[in-house]
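*Asks:* need a 3D model of the sequence below.
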Amino acid sequence: MNRSRISIAKLDIVRYFDNLPEKVFRQTDISRHLAEQRSFWRLSQRTTTEDFVQYLIDSAKLSKIIFPFPRPYKKEIRFAWGDATLHEVMLKLRAGCYFSHFTAMAFHGLTEQLPKTTYLNCEQKSAGPSSGTLTQNGIDLALRREVRVSGNVAETSDFRICIISGKNTDNYGVIEEPVMGAGKSLGRLRFTTLERTLIDIAVRPIYAGGISEVAKAYQLAQEGVSVNVLAATLNKLSYVYPYHQVIGFYLERAGYKAAQLDLLRGFPTEFDFYLTHGMKETQYIKDWRLHIPKGLS
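*Replies:* Numbering: from 1, shown residues only. You can find the predicted model right below:
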């Protein structure tokens, strides 16, 4: 690479990337910017994308983040310009993704823990309405088994991220707001609302630190949650399984008002259900027709 020529253009290159609205790139994005500006920067054709990227890493504001997802998943590489945060980079791993579960709990102040795993929800394509019929035997067989968890996990010394292939909701209950963490800005991020988060963690407590953390989150949410919005959101999400029985139990256990509980009692309760998958010893809560771990209530 002609170092003197790119060095002469450095101020223009830095100014160009500083002024871009996007601060996270794939290598193909950088290649496109190089192709569009090559003449203006007076860079020779011998300056390859690889050379250009390495120069920006060595001499400007570009950093490289590797996400070593295991097979059969694909290792991902992203480039961040300037002060782009790790969470902003993570959001660019897939189009339309958002933070959920334990990560959204932390954003909403619903946990006293520091989650070691960041959860990124990338919704599946819509499969259309379910054609199956819910039966008690089917519920028993499914919920008595251990829950399947995502193996799409990348871990380094700096982070651990799990990509969840969540139910298609057309991003219902997802917001975009500035987020603070550990006293510093994490950027403007997409994540689930308080009410959607409470639903998600009740559905999959394994992505939220377990049922004890979920129960604690329902306690911490009392001042800020709208149970009306929570019930409306649950109705909109149209789960086949009766998760309202789980949510109603958590609300009652956390001391919510009777009028708030009645919003969940308004859903049809036709089957016995389970607080989570794979429980060994259980007890039965008749009021919610719910099996819970022995000793929890």
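*Asks:* helices of the stretch 101-250 of the chain, start to end?
*Replies:* Counting by DSSP state H, counting those that start in this stretch, the stretch 101-250 of the chain has these helices, from start to end: 101-107, 136-144, 194-203, 211-220, 227-237, 243-253.
*Asks:* most tightly surrounded among those?
*Replies:* helix 101-107 (a mean of 28; mean count of other Cβ atoms under 10 Å). For every residue, glycine as well, the C-beta is placed using N, CA and C.
*Asks:* mind checking what secondary structure Asp51 has?
*Replies:* Classification of Asp51 by DSSP: H, G, I helix; E, B strand; the rest coil places it in helix.
*Asks:* report the buried residues of the strand or helix carrying Leu261.
*Replies:* Using DSSP states H and E, the element containing Leu261 is helix 258-265. Residues Gln260, Leu261, Leu263, Leu264 are the ones in helix 258-265 that count as buried (16 or more other Cβ atoms under 10 Å).
*Asks:* wait, the third one sits on Ser226?
*Replies:* No: when contacts are counted by Cβ atoms under 8 Å, Leu263 is not listed as touching Ser226 (10.1 Å).
*Asks:* mind checking how far Asp51 is from Leu34?
*Replies:* To Leu34, Asp51 is 10 Å away according to Cβ to Cβ, to the nearest Å.
*Asks:* circling back to that earlier point, now the helix holding Leu261 against helix 227-237, angle please.
*Replies:* Angle of helix 258-265 versus helix 227-237, following axes from the mean of the first three to the mean of the last three Cα atoms, to 10 degrees, is 0 degrees.
*Asks:* CA atoms of helix 258-265 as CSV?
*Replies:* Listed next in CSV are the C-alpha coordinates belonging to helix 258-265 (Å, rounded to 0.1, in the frame of the first residue of the first chain):
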residue,chain,number,x,y,z
ALA,A,258,-56.4,-8.1,43.5
ALA,A,259,-57.7,-5.9,40.7
GLN,A,260,-54.4,-6.4,38.8
LEU,A,261,-54.5,-10.2,39.3
ASP,A,262,-58.1,-10.2,37.9
LEU,A,263,-56.7,-9.0,34.6
LEU,A,264,-54.8,-12.3,34.3
ARG,A,265,-57.8,-14.3,35.7
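*Asks:* show me what it is packed up against.
*Replies:* Other elements packing on helix 258-265 under the criterion 3 or more Cβ pairs under 8 Å, 6 or more residues apart in numbering; DSSP states H and E are helix 227-237, helix 243-253.
*Asks:* in JSON lines: those helices, plus distance to Val214 and mean pLDDT.
*Replies:* Formatted as JSON lines, the helices and strands packed on helix 258-265 follow (distance: least, Cβ to Cβ, whole Å; pLDDT from 0 to 100):
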{"stretch": "helix 227-237", "distance to Val214": "14", "mean pLDDT": "98"}
{"stretch": "helix 243-253", "distance to Val214": "7", "mean pLDDT": "98"}
